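Chemist: structure of the sequence below:
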Amino acid sequence: MRKIILSVILITILVLSIFSIHLFAESSTLGAHVIPLKIDTGDTAWMIVATALVLLMTPGLGFFYGGMVGKKNVISTVLQSFMAMVIVTVLWVVVGFGLCFGPTIGGFIGNPMSNLFFQGVSANTAWELAPTIPMILFALFQAKFAIITPALITGAFAERVRFWAYLLFMVLFILFVYAPLCHMTWHPDGLFFGWGVLDFAGGTVVHMSAGWAALAGAMFLGKRKVQKANPARITYVLLGTGLLWFGWFGFNAGSAVGASSIAAQALGTTTVAAASAAMGWVFLDKILGHKLSAMGACIGAVVGLVAITPAAGFVSIPHAIAIGIIASIVSNLVVSKFPKGKIDDALDVFACHGVGGMVGMLLTGVFASKSVNAIVGDNQGLIFGDATLFLIQLKALVLVSVFAFSVSYFLFFIVNKITPLRVTEEKEELGLDISQHGEYL
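Modeler: Okay, here's the model as predicted:
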């Protein structure tokens, strides 16, 4: 049956891609927020680089996760990230971009009919909020965010998930969790956008959604037979962290959608938050009586990158240091207090990405300043004496948390009804590299 389904999918996509210009040209529309392009070559050059940098984060994540798992699961873990680049890219072109940035349906989701197979996504027009770069570049930049989000989730159910079931979940997650959150947060007609929620580069859309989905997955799949395995290659973790940190400059500074002062500010806040969080993590480890470890330094840096993501273009450099330190302390404590005996979040995705994203969203409501970015307006952060923005951020945090967790748990349930999510005990004992892929280190 699976062979038939995969054949049908391949043939359908092939035929529709060949004849898309005839099938979808009439249904495509530019939409209210697509405008004539006034190209700036500097902005365009930077965004091409930023798009490539964000894509690099996903294989970096593969190494980051792959180094943490046991040796018999390294290939499968890295491949889960790699296949996100494959599947989500095609899905994004077919329907994903329209769901995220097409004409709004009630402020919750975009109309996918407007941009099926990238119809109407032109190199000669621009998105309203990125007027100086081609729309196709904006669409491809956004695709990289969609790619890494389901890849982040994989760390929670590492070493026990069936690969084909993961691929099905990834598709459903993009359609029913990522796309609505992206539309509500970043589309000018989106619900959260209208509230004034500030999420510069993906605190809600990427990290909170992935974190809550990770917790749902860990709860649904249950514990591994052996929860503690020696990390396969800590050098992979170090390499992955370096690639993530490097790529995150595209992730955050690229979200300024131009070579601007805001991009420079976001680059600065990104690197100092990562550094301060890594410092905070290893210092706290030492205070608590642990050794300064490479793993701790790497995890701390990534937590800082996560936490600064929603705030990157809205806060000052000193406040970015504070965000990094606060996030690393909170996430470190959550990791140590997390009920691992009951919930097996294998690589602490919820404690790092979910909690880090929530801390970053709240601290955006504390530290956002109109002196850094005029878009903040009069509703500045709590530290400036106004609670309005903080309460807006808090309201969005609660709604995103409930939505992402509940829908993700339901999707795991649906996928499991279609095809078992979890490998058998024998295959888990053998390792996913051999049992799922017939390969080994």
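Chemist: C-terminal to the helix or strand harbouring residue 334, what's the next element?
Modeler: Residue 334 belongs to helix 317-337 when assigned by DSSP states H and E. Using DSSP H and E, the helix or strand that directly follows helix 317-337 along the chain is helix 349.
Chemist: show me the contact partners of that next one.
Modeler: 152-153, 155-156, 210-211, 214-215, 218 (CB atoms under 8 Å, 6 or more residues apart in numbering). Where you see a C-beta, it was placed from the backbone N, CA and C, and this is true even at glycine.
Chemist: okay if I get those as JSON lines plus secondary structure, distance to residue 261 and neighbour count?
Modeler: Supplementary listing: these in JSON lines, determined by DSSP: H, G, I helix; E, B strand; the rest coil; distance: CB to CB, whole Å; neighbours: other CB atoms under 10 Å:
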{"residue": "152", "secondary structure": "helix", "distance to residue 261": "30", "neighbour count": "28"}
{"residue": "153", "secondary structure": "helix", "distance to residue 261": "34", "neighbour count": "29"}
{"residue": "155", "secondary structure": "coil", "distance to residue 261": "35", "neighbour count": "28"}
{"residue": "156", "secondary structure": "coil", "distance to residue 261": "38", "neighbour count": "28"}
{"residue": "210", "secondary structure": "helix", "distance to residue 261": "30", "neighbour count": "31"}
{"residue": "211", "secondary structure": "helix", "distance to residue 261": "31", "neighbour count": "28"}
{"residue": "214", "secondary structure": "helix", "distance to residue 261": "35", "neighbour count": "29"}
{"residue": "215", "secondary structure": "helix", "distance to residue 261": "38", "neighbour count": "24"}
{"residue": "218", "secondary structure": "helix", "distance to residue 261": "41", "neighbour count": "29"}
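Chemist: nearest to residue 321, of those?
Modeler: Each of those was scored against residue 321 by CB to CB, and residue 211 proved nearest at 23.0 Å.
Chemist: residues near the spatially closest residue to that closest one that is not a sequence neighbour, how many?
Modeler: Excluding the flanking residues, the one nearest residue 211 by CB to CB, 6 or more residues apart in numbering is residue 354, at 2.0 Å. A count of nearby residues for residue 354, using other CB atoms under 10 Å, gives 29.
Chemist: same question for the one 10 residues further on.
Modeler: Other residues within reach of residue 364 by the criterion other CB under 10 Å amount to 31.
Chemist: and for residue 225?
Modeler: When counting by other CB under 10 Å, one arrives at 10 neighbours for residue 225.
Chemist: could I get the contacts of helix 349 as CSV with distance to residue 113 and pLDDT?
Modeler: Compiled in CSV, those are given as follows (distance: CB to CB, whole Å; pLDDT from 0 to 100):
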residue, distance to residue 113, pLDDT
152, 29, 98
153, 28, 98
155, 35, 96
156, 34, 96
210, 28, 98
211, 32, 98
214, 32, 98
215, 34, 97
218, 36, 96
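Chemist: and those as TSV, adding distance to residue 260?
Modeler: As requested, the contacts of helix 349 are exported to TSV (distance: CB to CB, whole Å):
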residue	distance to residue 260
152	28
153	32
155	34
156	36
210	28
211	30
214	34
215	36
218	40
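Chemist: now the strands for this protein?
Modeler: Shown for the chain, the strands assigned by DSSP state E span residues 34-36, 104-105, 109-110, 125-127.
Chemist: go through these and pick out the most buried.
Modeler: Per residue and on average, the most neighbours among those fall to strand 109-110, with a mean of 24 (mean count of other CB atoms under 10 Å).
Chemist: what sits up against it?
Modeler: Around strand 109-110, the neighbours that count as contacts under CB under 8 Å, 6+ apart are 98-104, 179-180, 183, 187.
Chemist: ok, which pair from the residues you listed is furthest apart?
Modeler: In the contacts of strand 109-110, two members sit farther apart than any others by CB to CB. They are 103 and 180, at 14.7 Å.
Chemist: the two: which is more packed in?
Modeler: When residue 103 and residue 180 are compared for neighbours, residue 180 comes out ahead with 24 against 19, by other CB under 10 Å.
Chemist: who is the residue nearest to the more buried one when sequence neighbours are not counted paired with across the strands?
Modeler: The shortest distance from residue 180 to any residue other than its chain neighbours is 5.1 Å, reached at residue 109 (CB to CB, 6+ apart). Beta-bridge partners of residue 109, counted by DSSP bridges, are residue 105.
Chemist: how near is residue 109 to residue 183?
Modeler: From residue 109 over to residue 183 the distance is 5 Å, taken as CB to CB, to the nearest Å.
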